[in-house]
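K.L.:
Below are the sequence and a predicted model for it; my questions follow.
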Amino acid sequence: MVSTASASPGVDVTHNPANVVARAAAVLEAVARASAEGARLVDLAHATGIARPSVHRLLQDLTEVGYIEQGSDRLYRLGSGLFMLGLNAPTPGWDLSSIRPIADGLAELSEDTVYVSVRQFDGVHYLLRTEGAYPIRAQLVDVGDTKPYTSSYSGLALLSTLGAAEQDKALASRSFDVPEGWLGDTDVEELLRGKLADVARQGYCGGTSVVMPGVAGMAAPVSSRTQRPYMAISISAVEARLTPARMAELAPDLLEAAHEISLLIP
């Protein structure tokens, strides 16, 4: 499923040259969210809020330059032309070698596992992991993994910075690592919305056995100077390690680490 963009549903605005690039970008992003499964024309029109005839014209134009491909199943996918274009793109405006010492410092202080992740479409992609000295570790995520927003504290931290429509979509189609029945009669959506509210209120969210049984974590979004937050830093540990009292104790250090990273990224 692809997410809804900010364009007004059903409005054909591609006749305005000032909007053509933005509309083409919205279509490309919607196709990318559909991944290798592919996307139907009607789904792309709904996701972008652009009228179906306009989406069709944009898809035709993007297909001609190799940025979109349509298979025999009539579904649209990203084209190989984007790969060649991406090879010439500059590297991101942040350097992991400068961020790692900050994560290392937080891991040394907390003695637990620290992750730095970045927003990637409908979830978070993990860039680095560093370990504290505590011998029992929560290593449920590997560097290079991508997780949906609702299956990690980092994801919830970043989801809290998005608009209401994007939050509603993520919560409605949530991917949750907790086995069925683990939380009993708890309203899972209400629980996750509470975590989003925590970030708005105190700058971070945390909990135990929410995204995975027996695992505790806390995460904070990293501010950006140029756009809404796209990076997060988190602490992950076995449940007994991160009690509410200890989370409160570590919160200033987590927030300080997030601030230090924010000074290194655009």
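P.N.:
Yep, it's here. Numbers count the residues shown, from 1 in each chain.

K.L.:
Which segments of the protein make up each domain?
P.N.:
Domain segmentation of the chain under automatic domain parsing yields 17-87, 96-262.

K.L.:
start to end distance for the longest one?
P.N.:
If I follow you right, that is domain 96-262. Taking CA to CA, to the nearest Å, the first and last residues of domain 96-262 lie 13 Å apart.

K.L.:
what's the answer for stretch 107-115, then?
P.N.:
Using CA to CA, the two ends of stretch 107-115 sit 9 Å apart.

K.L.:
Stretch 63-81 too?
P.N.:
End-to-end for stretch 63-81, by CA to CA: 9 Å.

K.L.:
do stretch 131-147 as well
P.N.:
End-to-end distance of stretch 131-147 (CA to CA): 20 Å.

K.L.:
and that stretch, what's its mean pLDDT?
P.N.:
Stretch 131-147 carries an average pLDDT of 84.

K.L.:
tell me which residues in it are buried?
P.N.:
Within stretch 131-147, the residues scored as buried using 16 or more other CB atoms under 10 Å are 132, 137-138, 140-141, 147. (C-beta placed from N, C-alpha, C; glycine too.)

K.L.:
so which of the domains of the chain is the most packed in?
P.N.:
Across these, averaging neighbours per residue (mean count of other CB atoms under 10 Å) puts domain 96-262 on top, at a mean of 18.

K.L.:
and the closest residue to L191 other than its chain neighbours, what are its phi and psi?
P.N.:
Once flanking residues are discounted, L191 sits nearest to V210: 6.7 Å by CB to CB, 6 or more residues apart in numbering. Backbone torsions for V210, taken as degrees, to the nearest 10, come to phi -100, psi -50.

K.L.:
What of V141?
P.N.:
According to degrees, to the nearest 10, V141 has phi -130, psi 140.

K.L.:
can you tell me how far it sits from G194?
P.N.:
23 Å (CB to CB, to the nearest Å).

K.L.:
Repeat that for A24.
P.N.:
38 Å.

K.L.:
so A138 sits right up against S236, yeah?
P.N.:
Yes: under the criterion of CB atoms under 8 Å, A138 makes contact with S236 at 4.5 Å.
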